[in-house]
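**Student:** show me how the following folds:
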Amino acid sequence: MDKLWKDEYEDHCMHVPYYPFQDEGEWELAKFLTTHLTQTEITHFLKLKWVHCDQFFGDPSFTSTQQLCGWMDNLPSGPEWQCTTVTLQGCPTTRPIRLIWHDAKAVVEDILSNLVFANYMTFDPHIVMEYSEFFTADRTHEIQDHLPDGAMLVPIIIASDKTPVMHHMGGLEMHPIFVTIGNIQLDIRMQATSHAWHCVGFMPVPDFDVHPDFQTILSACLFHLCMDTIFASLKHAAQHGAPMTDALGYVRNCFTPLIAYIADLPEQQLIACVAKNSSPVTTATLSQFGDTFPHPPRSGANTLRQIQELCAVVHPWDITNFQKRAKAIKLLRVHLPFWRDWKHADPAHFLNGKMLHSCHKFFFDHPLKWCKEITGHHVLDTHYKTQHKHIGVRHFTSGISHVKQMTGHDHRDIQRTIVPMVAKSSPTVMPLFVYTIRSLIEFIYKAQNPVHTDASIASMVDALAEFHLNRQSIINAGARCGTSGVKMDFNIPKLEVMQSFTRNIKDNGTLMQYTADVTERLLITHCKHSFERTSRQANTFVDQIVTLLNCEENIHRFDLYLLLRKSTQLLENLIVIEDEEVSTINPLFSFMTRILPDEELSFSGPHRFCNFFTDPKGFLSSSGAVMFHVTVKPDRVGITVTQMEDLYPFPHATQYINHYIRIASGGDPTYLWSPSLGRFNVWHKCRIQQHLSFQSRYLMRSQVIQAHPHSEEHPFGVHDTVLLSCPDTDNMTSQHVARVKAIFAPKVHTRVELPSYLESPLTFVEYFTVCADPMADREGVGLYRVQRPPINNVAASPSSYYAVVPLTDIVHAVELVPVFETSITGINPSKESCLKAYEQYYVNSFADKEIF
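**Tutor:** Here you go, the predicted model:
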């Protein structure tokens, strides 16, 4: 931040904060033009008569595109983008290879000194009995023990994705390289829009003028050469240390080891310099990928020794012979891996399993196909079509077999329900097959824990072991099929990677912080938009990209500068003030709240979701763990009990409400309001919000509970299911699964003060009774099974099937999946009738990782 205050135009900014622009309006216009239009389009815009009309704008200070771009270039800047021409010995290309890059060390210094992250930084290893952040992991202590006294560890995390971000100018392709530091807390770092990640390079993907067989080989060599260029300064700092300034202004002696590289499996093999059919992190090869035990780590020292011995026999640029000999020992034809001289960098340690590719895409490519094979595509599609629709979860209206494009979120939504969807779906589905799939899903869920202990890791290992122990059931069912029939092995690369999860977690902390979801999101938020605003002239294309990238970073930095300028507090005080409210994992808005608490600001950052715990009109559960929110204006106002009975239907409403009042009041009901004479406000939905289970200082996004009445659009109504925690007669609490039929509250004059048991909204619920316990499960599902009450059997007096309870008795939303063999005759199953068309349902604990 010192660079901002020491800018050459700081004297002007003392009087005009937006200098060289006149005011905030002109700055907003300049930002819009430079981030959305090409230079030609800006020129056309500035020539419009409307722009110079005094009624709207008046003449802007900048009169030409060149002047505007010049002003943008002169704004306070950070690390500059640069372009370097790269060559490989004796390997001509159809056009010059131009690498666009940052000096990685300058970028890391910029991240470390960022005020936004000042309250979310960790600098010292923790000695705790858990694995979460990198600073709680074993390797932190190992590396720190080798550093000089007083030195600070700045763990480097790299991410890349070989998906090209542009494909213009006759096939010019590049893919980006991102970097962040492990000092930033993982929940902040995992957000692509928190600006904890910076792009440090755009890797060229050239067309070499050689035989097609050598294209991949030379591209691999180029990758490592470019990585050498970008990260040379960080490698020097990892070896010798370097002075860096943190957000508090302290200069520290920093060492920068590479501790994680987030990439998919093919790119991991490229990084580790191993052949296609070899594991990048262990000594396993293709025929060993299905083994039930983890193989020894493939150490970087051993790989370098093999490369050195190979170079002693064959010259590295004798491509044909070098490739043949490298392939024979399961290596890639790369003789200078970029990590060779990066202290403490070892692919066996810094290449971690990733949730997106190692788990979610593995599930889509293999277990889901096994399930489709054994149940039949049509059956599984029908089950997903008829599942009850929840707000916030994708409903597969057309099934899951014909979806043209699926994201990682879609894979996870299918995972949530696959176990109960497959169970009892057809006579060919055996309980052992279901149990095997369930074991694998349990492993994937347990691997995603944000905090691990030795016990949770052992439980995760046991789940994978159960899968391997019973995987023969998949082959016996004929579900593992290939083009030539049933496969008799499980030699799947991603399945082998899972064997290393235990070592990865203990070495580097929870795997969730290294998910590739961030990388794929970064491609959208950081890269693709910039390349759409070039003139696409081949001779200047790369130079235009460099200019655009520098301009975007200057804009973001100047916005932060203006934010600080508006603050009336001392900068030191802004850094150390902690939020008193519960954080919603949004460092930018948290920082802005401390600086300018009374202003509404427009600033590029992550979408802010509501914190209902700060809503004075909300309703808090008795435990204080759940917050409830209904709209200020009800969906229906002042209706009578008769109207409410007809609307839902809610027969005998008066009796049920009176029964609740009598119990809640201890036999002394209020005379201020009665259901037979009073009126009601009714809501069709409400929201509930809770804290995260593993990180209680953070909030979950709110969940929507629907209670829509019957209508032409919803002939059965829309009623979500929930978990209730209700007091018993002996002052104990019991939990029930119930369907919310109606949400209502007494309508009284504002001056009337009702007793506490009528202050919060009430719900009319339909109870489900437990009919099967997972401990006594013989179907392999491992889920509670519940039974719905008889249809249209609301008794005139309160019964065990229906009740009126406070809204605040709800603990969590739950998902019920039908036991498909228990369908009720006469009701056609659909997403509208799902919760009425079957007699029994599974309580799906896989639906939400918070209750798993």
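**Student:** Val486 bridge partners, please.
**Tutor:** Cys481 (DSSP bridges).
**Student:** that one: neighbouring residues, count only.
**Tutor:** 14 (other CB atoms under 10 Å). Glycine gets a C-beta too; all of them are placed from N, C-alpha and C.
**Student:** right, and it touches Ile474 too?
**Tutor:** No - contact between Val486 and Ile474 fails when scored by CB atoms under 8 Å: they sit 9.7 Å apart.
**Student:** shared neighbours of those two, which are they?
**Tutor:** In the contact map built from CB atoms under 8 Å, 6 or more residues apart in numbering, the residues linked to both Val486 and Ile474 are Arg480.
**Student:** tally of neighbours for Gln89?
**Tutor:** Using other CB under 10 Å, Gln89 has 7 neighbouring residues.
**Student:** compute the first-to-last residue distance for stretch 90-107.
**Tutor:** Distance between the two ends of stretch 90-107: 33 Å, counting by CA to CA, to the nearest Å.
**Student:** that one: which residues count as buried?
**Tutor:** Along stretch 90-107, the positions that meet the burial threshold by neighbour count (16 or more other CB atoms under 10 Å) are 91, 93, 97-105, 107.
**Student:** what is the mean pLDDT for that stretch?
**Tutor:** When the per-residue pLDDT values of stretch 90-107 are averaged, the result is 87.
**Student:** next one: it to chain centre, how far?
**Tutor:** 31 Å (CA atoms, centre = their mean, to the nearest Å).
**Student:** sorry, back to before: out of the buried residues of stretch 90-107, which are inside helices?
**Tutor:** Judged by DSSP state H, the subset of those located in helices is 104-105, 107.
**Student:** in CSV, list the residues you listed along with distance to Ala220.
**Tutor:** Putting these into CSV (distance: CB to CB, whole Å) gives the following:
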residue, distance to Ala220
Ala104, 21
Lys105, 25
Val107, 25
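**Student:** just name the closest of these to Ser64, please.
**Tutor:** Checking these against Ser64 with CB to CB, the nearest one is Val107 at 32.3 Å.
**Student:** burial count for the residue lying closest to Asp365 once chain neighbours are set aside?
**Tutor:** What sits nearest to Asp365 in space, not counting adjacent residues and going by CB to CB, 6 or more residues apart in numbering, is Lys494, at 7.9 Å. Lys494 sits with 19 neighbouring residues when counted by other CB under 10 Å.
**Student:** my guess is Lys494 contacts Met355, does it?
**Tutor:** No - taking contact to mean CB under 8 Å, the distance of 11.4 Å between Lys494 and Met355 leaves them out of contact.
**Student:** all strands of the stretch 101-250 of the chain, in order?
**Tutor:** 152-153, 156-160, 166-168, 172-181, 198-204, 242-245 (DSSP state E, counting those that start in this stretch).
**Student:** the stretch 701-850 of the chain now?
**Tutor:** Remark: strands assigned in the stretch 701-850 of the chain by DSSP E, counting those that start in this stretch are 703-708, 718-719, 721-727, 733-747, 762-772, 785-787, 802-806, 810-814, 816-818, 840-843.
**Student:** dump the ones you listed to JSON lines, plus distance to Thr382, mean neighbour count and mean pLDDT.
**Tutor:** Rendered in JSON lines, the data for those read as follows (distance: least, CB to CB, whole Å; neighbours: other CB atoms under 10 Å; pLDDT from 0 to 100):
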{"stretch": "strand 703-708", "distance to Thr382": "23", "mean neighbour count": "20", "mean pLDDT": "94"}
{"stretch": "strand 718-719", "distance to Thr382": "21", "mean neighbour count": "23", "mean pLDDT": "94"}
{"stretch": "strand 721-727", "distance to Thr382": "21", "mean neighbour count": "19", "mean pLDDT": "89"}
{"stretch": "strand 733-747", "distance to Thr382": "23", "mean neighbour count": "20", "mean pLDDT": "91"}
{"stretch": "strand 762-772", "distance to Thr382": "23", "mean neighbour count": "20", "mean pLDDT": "92"}
{"stretch": "strand 785-787", "distance to Thr382": "21", "mean neighbour count": "20", "mean pLDDT": "93"}
{"stretch": "strand 802-806", "distance to Thr382": "31", "mean neighbour count": "22", "mean pLDDT": "92"}
{"stretch": "strand 810-814", "distance to Thr382": "23", "mean neighbour count": "22", "mean pLDDT": "92"}
{"stretch": "strand 816-818", "distance to Thr382": "11", "mean neighbour count": "25", "mean pLDDT": "95"}
{"stretch": "strand 840-843", "distance to Thr382": "17", "mean neighbour count": "23", "mean pLDDT": "94"}
